[in-house]
Each structure stands twice: as C-alpha cells, then as structure tokens.
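**Student:** task: produce atomic coordinates for the following.
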Amino acid sequence: MSAKKPARHRRTKKNREADLLVLLGVAVAAIWLVVTVLAWLFAHWWILLLLLVVVAAGGGTWGYQRFQNAQWETVRSQSLRYALTQLDALHHRQFEYAIRDLMRRDGCRNAVQVGGTGDNGADVKATDPFGRRWVIQCKHRRDGDRGSAVGTPDLHVLNGTARQLHGADVVVLVTNGRFSANCPPLAKSQRLHLVDRRLLGMWASGSQPIWEVLRELPPPRRASTLS
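**Tutor:** Okay, here's the model as predicted:
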C-alpha cells in the first residue's frame, strides 16, 4: 500500500498546472491577436501603405528641420562677435562657454567646455581644422585688467597637465584681464600661449581665427578642412 502524498505537495502541483494553463492561454491569445492583426492588415493593405507614407513624411520633415537648424547654427557661429564689455559681464562659467563658441566660430566643430571640478587645468578643448589639439584654460576677471593679474602658478598647473593628460598640441591660457610680469618669459620657455585682454579683444570682436592671432604655433597635422 503506497503512502499518500502530503496535501501541501498536491497543492503545489495543482498551482504549477494552473500556472502552465494560464501561460498557455496567454500564448494562444497572443498568437491569435498577431494572426488577426496581420490578416486585417493584409485585407486593408492600403492603410498600412498610408501609415508608411505618413511616417516617411514625418521622418523627412524632422530630418529637414535638423538640417536647417544645423545650417542656421553654422551661420550664427560664423558671425559670432563679443565686445570686451560683454565678456567682462559674464560669470566665469559663461566665459568658458563663450571661449568654446569662439573656437567653434573659427571652425573647431568639436570644441567643448570641460571646466569644472577635476578638470585638471582644462576649461575648453578643441581640434582645429589643421588637426591640432587645443587645450585652453580660462581666467575671468570681473574688473577686467583692473582686477588681479593672472600669475605663474596658473601657468604651472596648465603646463603640468595640458600635454600629459589632455594630449594638447597648443596650450593656451586666456583672460579678459592681464598677466603678471613673470608669465610671458615662463610661457615662452614652456611653449605656452597667453591671450590677454588686448589679444582677446582682437579675437572676439574680429573675423580672425585664434591661430592667426597667436604666433609660433606648431605645424598643422593635416590640410585645412575650411573651404
């Protein structure tokens, strides 16, 4: 005489069977729904064609709008100008974005603002049309050249990270103020470039790209992509 299985075991088995029946029912219902929808679409193929036309038209409109926006952004960036008074009025973070936009105006399409905590001395990075990698540190002074001078400690930080960590070909420190007297000889000895208030004014308000404002730049890595 065989022993009866515990009631708990019988309930578990029944629950599993019930779950399987539910899953089977769901699968049958899903298959029926798919077959029904496909049959309906086959019988009303023109509706599917109309939907495809609408989707294609919408995608084309979206793509055209993006193209137009990109063209407008190119025109806007190429005509970008800043007066020194405008730059003076900016927050230091906005000043970094302004420098980024000037690099984009000059043809550095990948120019990005990266300044912030842990930036390791880089506020803006860009690659110019000649293939050179630019790393720029920005020092904003609310009082312009009447504010405190940018000193050699900032140059030492930039010099220690720009090439080693960021792979810079051209290393620039830009300010709307002034540099201390010890900065130019240090910058020259370390192949760093200083953009003070005077040079910034020429660059920001004119049509010359930064590589025409500065001197003694490294040679191009490739031919210019500018037309």
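**Student:** can we go C-alpha only for contacts and neighbour counts from here?
**Tutor:** OK.
**Student:** the most centrally placed residue in the chain bridge partners, please.
**Tutor:** Centroid-nearest residue in the chain: Val112, 5.6 Å away (criterion: C-alpha atoms, centre = their mean). As for beta bridges, Val112 partners with Lys125 under DSSP bridges.
**Student:** would you agree it is in contact with Val124?
**Tutor:** Yes. The pair Val112 and Val124 passes the contact test of C-alpha atoms under 8 Å, sitting 5.7 Å apart.
**Student:** quickly list what's touching both of the two.
**Tutor:** Arg100 (C-alpha atoms under 8 Å, 6 or more residues apart in numbering).
**Student:** need the contact list for Val114.
**Tutor:** Going by C-alpha under 8 Å, 6+ apart, Val114 touches 122-125.
**Student:** for this protein, give me the ranges with low pLDDT.
**Tutor:** Residue ranges of the chain with pLDDT under 70: 1-11, 61-78, 224-227.
**Student:** how's it carved up into domains?
**Tutor:** Following automatic domain parsing, the chain resolves into domains at 9-76, 81-213.
**Student:** returning to that earlier point: out of the contacts of Val114, who's nearest Ala83?
**Tutor:** Nearest to Ala83 out of the contacts of Val114 is Val124 (C-alpha to C-alpha; 19.9 Å).
**Student:** for that closest one, which non-adjacent residue is closest in space?
**Tutor:** Gln113 (4.5 Å; C-alpha to C-alpha, 6 or more residues apart in numbering).
**Student:** how much space separates Ala27 from Leu155?
**Tutor:** 69 Å (C-alpha to C-alpha, to the nearest Å).
**Student:** which one's more surrounded, those two?
**Tutor:** The residue with more neighbours, out of Ala27 and Leu155, is Leu155; 23 against 12, by other C-alpha atoms under 10 Å.
**Student:** which positions within the helix or strand hosting that one qualify as buried?
**Tutor:** Taking DSSP states H and E as the definition, one finds Leu155 inside helix 152-161. By 16 or more other C-alpha atoms under 10 Å, the buried positions in helix 152-161 come out as 152, 155, 158-159, 161.
**Student:** could those residues go into CSV alongside distance to Arg191?
**Tutor:** Below are these laid out as CSV (distance: C-alpha to C-alpha, whole Å):
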residue, distance to Arg191
Thr152, 14
Leu155, 11
Leu158, 11
Asn159, 9
Thr161, 13
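**Student:** understood, closing this out.
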